[in-house]
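Colleague: The sequence and its predicted three-dimensional model are supplied below.
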Amino acid sequence: KDKEENILKCEWNSALQQIIFYRLDDRITQAGDYNYCKYTVSTKDGSIQSTGLLEARFDNIAPVATDETVSFKYLANEIIPINLLKYANDDGDGPANTLQTKPNKPQFWVNDKGVELPIYLPSKSSKDGIFKVVKADREGPCPNNDKDNTCYGGNIYIQASNVFNTFNDTLTYYVYDADGKISNEGTIKLISTATTTDDSRGGGGGGSIGILSIASLLSLIAYRRYRK
């Protein structure tokens, strides 16, 4: 039997029709170590039995950062607050409320002062510099070996660099889980409504032509009067 028998659980789940092997704490299996579960399969009358051994390693699964789209009203000069944690999760490690040792363990990184700072932005400007992060609710060092980078918590606030912006762009972000493991790259698409609902490029050309036509007509009238 494993010396951690009270923490390690190996059970048959009839709904899933498979063996479930899990822990009641958040410890990971150290390099070179394994956890084992012995099981027995028998016939209905119990006359024939076969025993097997499950070998497992428990690891911290990285959090997931997903993609999202945020729209900015053309000419509105908006500063939009965005909670990037709405688009991320650490569900791969299972529900924290089942842990005996840390039932209230958070999903995301909280520093030793109790401040949640799990969001990392490689740049505070969007890919092409069209949008920028003007501030965040909280900021401080990222966890562990990434402590030289700045991480953020709460909302970040994004604004177009130019009120007349008519282009779209993207912002890249990552999140850290409670154990300081970083996620995949997530992308926020930043959309100017000048390219969607407020796109007036079709009508703008006609207006320009109309003004030029009126100017030409006035010139023609002046020329005719001069000739008289």
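Modeller: Nice, thanks for sending it over.
Colleague: how close does Phe72 get to Leu24?
Modeller: 47 Å (Cβ to Cβ, to the nearest Å). All C-beta atoms are positioned from the backbone trio N, CA, C, and that covers glycine.
Colleague: Sorry, slip of the keys, the one I care about is Gln107.
Modeller: Distance from Gln107 to Leu24, by Cβ to Cβ: 18 Å.
Colleague: Between these two, which has more neighbouring residues?
Modeller: Gln107 (18 against 15; other Cβ atoms under 10 Å).
Colleague: The more buried one contacts Pro63, doesn't it?
Modeller: Yes - counting by Cβ atoms under 8 Å, Gln107 touches Pro63, with 7.3 Å between them.
Colleague: tell me, what's touching the two both at once?
Modeller: Listed as contacting both Gln107 and Pro63 by Cβ atoms under 8 Å, 6 or more residues apart in numbering are 89-90, 177.
Colleague: okay, these in JSON lines with distance to Thr51, neighbour count and secondary structure next?
Modeller: Formatted as JSON lines, these follow (distance: Cβ to Cβ, whole Å; neighbours: other Cβ atoms under 10 Å; DSSP: H, G, I helix; E, B strand; the rest coil):
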{"residue": "Asn89", "distance to Thr51": "38", "neighbour count": "16", "secondary structure": "strand"}
{"residue": "Asp90", "distance to Thr51": "36", "neighbour count": "25", "secondary structure": "coil"}
{"residue": "Asp177", "distance to Thr51": "37", "neighbour count": "25", "secondary structure": "strand"}
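Colleague: least confident pick among those?
Modeller: For the shared contacts of Gln107 and Pro63, the weakest pLDDT value sits at Asp90, with 94.
Colleague: Just to be sure, Asn165 is in a helix?
Modeller: No - Asn165 is assigned coil when assessed by DSSP: H, G, I helix; E, B strand; the rest coil, not a helix.
Colleague: for the protein, which spans come out with low pLDDT?
Modeller: 1-5, 199-228 (pLDDT under 70).
Colleague: Would you state the helices of it in chain order?
Modeller: Here the chain has its helices, by DSSP state H, at 201-227.
Colleague: Right, I'll leave it there.
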